[in-house]
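Novice: let's see this in three dimensions:
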Amino acid sequence: MGKKGHHCIGGRSLVTTLLLLALLAAGAQALANTGYRLGPGDVINVQVFGEDDLTRELKLGEDGRINYAFVGQIRLQGMTLLEVEQEITSKLKGDYLVNPQVSVTMAEYRPFFISGEVKSPGGFPYQPGLTVSRAIALAGGLTERASDRKIFLVPEGAGEQDRRRVDLDAPVNAGDAITVEASFF
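Specialist: Numbers count the residues shown, from 1 in each chain. Model (predicted):
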């Protein structure tokens, strides 16, 4: 034990170490979300510090827009969370608030879709780091007739002409459509 009953780890107090770990985890989460681009169906949390009436959970509509208090319609499709924070901050600054402190986080990702020879085809909420194998698991696994070599993916917003064969380790993005075809012996 250190002085005055504080636990020390390598000269640092336990509280300082835990705080540092929490900050690193928050930074890693923020870094993970920086490349993600919003689209219809995503749900975000908008928080303006010190302004409880501006804290909202909002779903992007089919047109990629939200309706936000005191600002109106804002198109967020294709933006990162950091870009959304900057956009909302700029719209609130001046007329309504002097120096708004805006934080935007993901509440729920838009779905990806899986059809064909899986036990429970349909739409499922996207998860960062999702692969075809994990997507199949979320859909209840393969049926007995399924081929693990005839799996196709169409990226969100693309047409059937952009359909490509993928393996079980291929990454899946929000909005993607996966088709697992039957195996013929």
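
Novice: on the pLDDT front, check the closest residue to residue 164 other than its chain neighbours for me.
Specialist: The shortest distance from residue 164 to any non-neighbouring residue, by CB to CB, 6 or more residues apart in numbering, is to residue 153 (6.0 Å). Backbone N, C-alpha and C define where each C-beta goes, glycine included. pLDDT recorded at residue 153 is 97.

Novice: isn't residue 65 right up against residue 78?
Specialist: No. Using CB atoms under 8 Å, residue 65 is not in contact with residue 78, being 11.7 Å away.

Novice: these two: who's more crowded?
Specialist: residue 65 (16 against 10; other CB atoms under 10 Å).

Novice: so the more buried one versus residue 37, what's the distance?
Specialist: Residue 65 sits 15 Å away from residue 37, going by CB to CB, to the nearest Å.

Novice: what of residue 153?
Specialist: In terms of CB to CB, residue 153 sits 18 Å off from residue 37.

Novice: also residue 104?
Specialist: Counting by CB to CB, the gap from residue 104 to residue 37 is 13 Å.

Novice: give the closest residue to the residue positioned nearest the centre of the chain in space, chain neighbours not counted.
Specialist: Central residue of the chain (CA atoms, centre = their mean): residue 109, 4.4 Å from the mean position. Nearest in space to residue 109, with sequence neighbours left out and distances taken as CB to CB, 6+ apart, is residue 126 at 3.8 Å.
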